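**Q** Here's my sequence, what's the structure:
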Amino acid sequence: MRNPTSQTETAVGLLAKKGEPIPLEGVRVEASIRDFCSRVTMTQRYRNQESHPIEAVYVFPLDEMAAVSGFAAWIDGVEVFGEVKDRDDAFAAYDDALAEGHGAYLLDQEKPDVFTASMGNLPPEKEVLVKLTYVAELTREGDDLRFVLPTTVSPRYAPPEDLKGVGRPPAEAVNPPVEWSVPYGLDLTVSIDMGSAIRSVESPSHPIAVEMDGPTATVRLGERQSAMDRDFVLLVRLAEPEKPRAWIEETEYGESVAMIAFQPKLETQEAPCELVFLVDRSGSMMGTSFEEARNALQLCLRSLPEQTWFNVVGFGSSHQMLFPESVPYGEKTLAKASRHVESVQADLGGTEILPALESVLSAPARTELPRQLFILTDGEVTNTEAVIALVRKHSDTTRVFTFGIGAGASHHLVRGVARAGEGAAEFISPGERIESKVLRQLKRAIAPALTGVQVDWGGLVVKQAPHRVPPAFADGRLLVYGFLQDAPHSNETEITLRATGPEGDVSFSVPFSFENERHGNLIATLAARTLLRDLEEGASEFHERGSLQRRAGKDRVKEEAVRLGVRYGLTSQWTSFVAVERRDTPVKGEMLLRRIPVALTRGWGGWDSARYACLRLDSFAEMSSASDDVEYSIAPSCAAPPSMADRSFDELVRLQRADGSWDLNRN
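**A** So this is what the prediction gives:
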């Protein structure tokens, strides 16, 4: 695929080149939410306004749990369907079509939450509609189901090794050009159809219009088009709580695939532990993101149980520990930590999370206490895979819980690190209350989880996804998929979750019957994507069979990934979608590359779309580089003042003592 942008341009300046027409005219999303998942159809409208053929390249985000299962293009009334191929074969087919003057369309996964769409040989004055379809699980957040539609790729810090390489370096692949605002916007409709009446539907990120009728609802944006500078977040609360249940589908291949939703219920007690808080103090956190992190950390510190040991570590281009090693929680250590948190700023330069993690995880854990690590970050780095691998390497000594903060936090890093560390993730978007999120994470960390989790499939022969079931938390939800082999299609059984709890072995069962089997490919698509994620993150059965340092081991992983991708029509780091439009009259003339800029994430580095003039453009150019010595400033008037209620609550939190009492006389 053609990409003449130099490494130097990518590393030093992310601002889009001025004067070039932007061929993307708008993005239309139609989403449906039902039970446990969402199905999203995204249509991107491109028009070539120039007198030469162009190649339009658009880097955009998707939900990191998305299973992209459809890709097509409409041009001149003709629909061209995409086909999943081995990634190298897809690129070759794309380039061959362009060389012959035909139209070609490519969808490539850069990261599980960052994709690139390329539209090659788009003729002058022609319009093309590119449509992609994906399904994704909904996450459960307390009593709410959370649907997220990412809209922009925040600038990501690249360590030196990601600025090098043959071809496109990793820094270029995930860092599209950025502008303060872009001429295209988002048009969105969400339809909801649940198994019980809907109690409420709300969005902390956008103004919305909602029509509700019992178990159904329709959601539209409160404005005709929304700026694509922040994730769209939708929270759905049902009148009746979710119940453990099983779904089963028969696919077009005649195979049966099941999904089981477990919801363990058990009494838990707080247990002493060591808690380390790793706080992102890089430049991108400046402004409201760091204030959110500060408030979350202050609440964490005042919610710790007795006999806890703790420490606070800030990281950026360097990392700084509050205490040389973890200390017992008490009035004096709380006071010192609180003053420290109140005084620090997002002033440590680039997001060098890997060496900070290495320092924390390699330190000897206290033998008498389990170690829990809390990470508070916007997650905007290019070396996500290395970070996840490091956390998995130390998962036997440290559980990791993450907070993704801001309007465009990297879901792949935040969730991927939590999965690798056998913990859990929470996201704090602008406008959301933090108290319930913080307390949920602390409850998970200080109460023993269910470990040694196994699924008893009641005598059925099953290929399970994920291969290794993660630890389960009390009152949480755990989704497990199974490809059923030689399914009898007649008898009923029970699927049982077995695990070790704080007081011994426990089990939770869900009834299972083939009488409820439906035809479709939704569950199979989600199950196959879960298997692909195991392969991508080093958690598959192939990784447990022995060393993958040898070429043969890596080849087996790739072969299985390509098999899954081609069979179920899924993108991954090994597979891509490609569609070729054969033309009776091939396009002639020089093809111009147009990299489509994205809108800078609202609040990134302290920037606010209503106050962007306060940000020094020369400082932003510095900040976009991978330099460790990033310095930039925002005029004081740029910061949006918190509401009186929020400020009063945050001030009240700071008055709480370590024993839970309140110092109401402090000035």
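**Q** Give the bridge partners for the residue nearest to A209 when sequence neighbours are not counted, please.
**A** Nearest residue to A209 in three dimensions, chain neighbours excluded: R220, at 4.9 Å (Cβ to Cβ, 6 or more residues apart in numbering). C-beta coordinates here come from the backbone N, C-alpha and C atoms, glycine included. R220 has the following beta-bridge partners by DSSP bridges: T189, A209.
**Q** what's R220 in contact with, if anything?
**A** L188, T189, V190, I208, A209 (Cβ atoms under 8 Å, 6 or more residues apart in numbering).
**Q** Could I get the buried residue list for the strand or helix carrying A386?
**A** Element membership of A386, judged by DSSP states H and E, is helix 384-393. Using 16 or more other Cβ atoms under 10 Å as the test for burial, helix 384-393 gives T384, E385, A386, V387, I388, L390, V391, R392.
**Q** Which members of the contacts of R220 come out as buried by neighbour count?
**A** For these, a burial check counting by 16+ other Cβ under 10 Å picks out L188, V190, I208.
**Q** Go through those residues and say which is closest to L535.
**A** Nearest to L535 out of these is V190 (Cβ to Cβ; 31.1 Å).
**Q** That closest one and Q44, how far apart?
**A** V190 sits at a distance of 18 Å from Q44 (criterion: Cβ to Cβ, to the nearest Å).
**Q** Ok, S410 next?
**A** In terms of Cβ to Cβ, S410 sits 21 Å off from Q44.
**Q** Have a look at the two and say which one is more surrounded.
**A** Set S410 next to Q44 and count neighbours by other Cβ atoms under 10 Å: S410 wins out with 29 against 23.
**Q** Identify the residues contacting the nearest residue in space to that one that is not next to it in sequence.
**A** Spatial nearest neighbour of S410, chain neighbours left out: G379 (3.5 Å); criterion: Cβ to Cβ, 6+ apart. Residues near G379 by Cβ under 8 Å, 6+ apart: G404, A409, S410, H411, H412, L413, V414.
**Q** With H467 instead?
**A** Contacts of H467 were listed using Cβ under 8 Å, 6+ apart, and they are L531, D534, A539, S540, E541, E544.
**Q** Tell me if I'm right that the second one and Q464 touch.
**A** No: D534 lies out of contact with Q464 (Cβ atoms under 8 Å); the separation is 10.1 Å.
**Q** quick one, which of these two is more surrounded?
**A** More neighbours surround D534 than the other of D534 and Q464, with 22 against 19 (other Cβ under 10 Å).
**Q** which residue is nearest the middle of this protein?
**A** Central residue of the chain (Cα atoms, centre = their mean): H411, 1.7 Å from the mean position.
**Q** For the longest helix seen in the chain, output the C-alpha coordinates as PDB.
**A** When the chain is parsed with DSSP state H, its longest helix is helix 551-568. What follows is helix 551-568, C-alpha atoms only, in PDB (Å, rounded to 0.1, in the frame of the first residue of the first chain):
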ATOM      1  CA  ARG A 551       9.600 -20.400  13.900                       C
ATOM      2  CA  ALA A 552       7.400 -23.400  13.900                       C
ATOM      3  CA  GLY A 553       5.500 -22.200  17.000                       C
ATOM      4  CA  LYS A 554       4.900 -18.800  15.500                       C
ATOM      5  CA  ASP A 555       3.800 -20.300  12.200                       C
ATOM      6  CA  ARG A 556       1.200 -22.500  14.100                       C
ATOM      7  CA  VAL A 557      -0.300 -19.400  15.700                       C
ATOM      8  CA  LYS A 558      -0.500 -17.500  12.400                       C
ATOM      9  CA  GLU A 559      -2.000 -20.500  10.600                       C
ATOM     10  CA  GLU A 560      -4.800 -20.800  13.200                       C
ATOM     11  CA  ALA A 561      -5.400 -17.000  13.200                       C
ATOM     12  CA  VAL A 562      -5.700 -17.000   9.400                       C
ATOM     13  CA  ARG A 563      -8.000 -20.000   9.500                       C
ATOM     14  CA  LEU A 564     -10.300 -18.300  12.000                       C
ATOM     15  CA  GLY A 565     -10.200 -15.000  10.100                       C
ATOM     16  CA  VAL A 566     -11.100 -16.500   6.700                       C
ATOM     17  CA  ARG A 567     -13.700 -18.900   8.000                       C
ATOM     18  CA  TYR A 568     -15.600 -16.300  10.100                       C
END
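**Q** how about the strands in the stretch 351-500 of the chain?
**A** 371-377, 398-405, 425-428, 451-456, 461-465, 478-485, 492-501 (DSSP state E, counting those that start in this stretch).
**Q** so how far is stretch 496-515 off the chain centroid?
**A** 29 Å (Cα atoms, centre = their mean, to the nearest Å).
**Q** thought N295 was touching I434?
**A** Yes: between N295 and I434 there is a contact at 6.0 Å, judged by Cβ under 8 Å.
**Q** hang on, D96 in a strand?
**A** No: according to DSSP: H, G, I helix; E, B strand; the rest coil, D96 belongs to no strand; its state is helix.
**Q** Return the residues in contact with it.
**A** So D96 contacts nothing (Cβ under 8 Å, 6+ apart).
**Q** what's the distance between it and G82?
**A** Here D96 is placed at a distance of 16 Å from G82 (Cβ to Cβ).
**Q** what's the weakest-modelled helix or strand in this structure?
**A** Ranking every helix and strand in the chain by mean pLDDT, DSSP states H and E puts helix 7-12 at the bottom, with a mean of 29.
**Q** mind showing which ranges of the chain have poor pLDDT?
**A** Under the criterion pLDDT under 70, the flagged ranges of the chain are 1-18, 165-166, 487-490, 544-552, 608-667.
**Q** Can you tell me how far the closest residue to V182 other than its chain neighbours is from S154?
**A** Nearest residue to V182, sequence neighbours excluded (Cβ to Cβ, 6+ apart): A599, at 4.9 Å. Distance, A599 to S154, using Cβ to Cβ: 10 Å.
**Q** between those two, who's got more neighbours?
**A** S154 (28 against 21).
**Q** Surely S282 touches L348?
**A** Yes: using Cβ under 8 Å, S282 makes contact with L348 at a distance of 6.0 Å.
**Q** Quick check: neighbours shared by the two?
**A** Contacts common to S282 and L348, judged by Cβ under 8 Å, 6+ apart, are F315, G316, S317.
**Q** pretty sure the last one is touching P355, no?
**A** Read that as S317. No: S317 is beyond contact range of P355, at 9.5 Å (criterion: Cβ under 8 Å).
**Q** of these two, who's got more company?
**A** S317 (18 against 14).
**Q** Need the three-state assignment for the more buried one.
**A** Classification of S317 by three-state DSSP places it in coil.
**Q** for R371, which residues make a bridge with it?
**A** Under the criterion used (DSSP bridges), R371 bridges to E274, T398.
**Q** What about it, how many residues nearby?
**A** Using other Cβ under 10 Å, R371 has 21 other residues around it.
**Q** Chain neighbours aside, what residue packs nearest to the residue nearest to the centre of the chain?
**A** Closest residue in space to H411, ignoring its immediate chain neighbours: E64 at 4.2 Å, by Cβ to Cβ, 6+ apart.
**Q** what's the neighbour count on that neighbour?
**A** 21.
**Q** Need the three-state assignment for it.
**A** Going by three-state DSSP: E64 is coil.
**Q** which of the residues in the helix or strand where A90 lies are buried?
**A** Here A90 sits within helix 87-99, counting by DSSP H and E. Buried residues in helix 87-99, defined by neighbour count with 16+ other Cβ under 10 Å: R87, A90, F91, A93, Y94, A97, L98.
**Q** Then stretch 193-213?
**A** For stretch 193-213, by 16+ other Cβ under 10 Å, it's M194, I198, V201, S203, S205, H206, I208, V210.
**Q** Which of these fall in strands?
**A** Residues of the buried residues of stretch 193-213 located in strands (DSSP state E): I198, V201, I208, V210.
**Q** Of all pairs in the residues you listed, which one is the farthest apart?
**A** I198 and I208 (13.9 Å).
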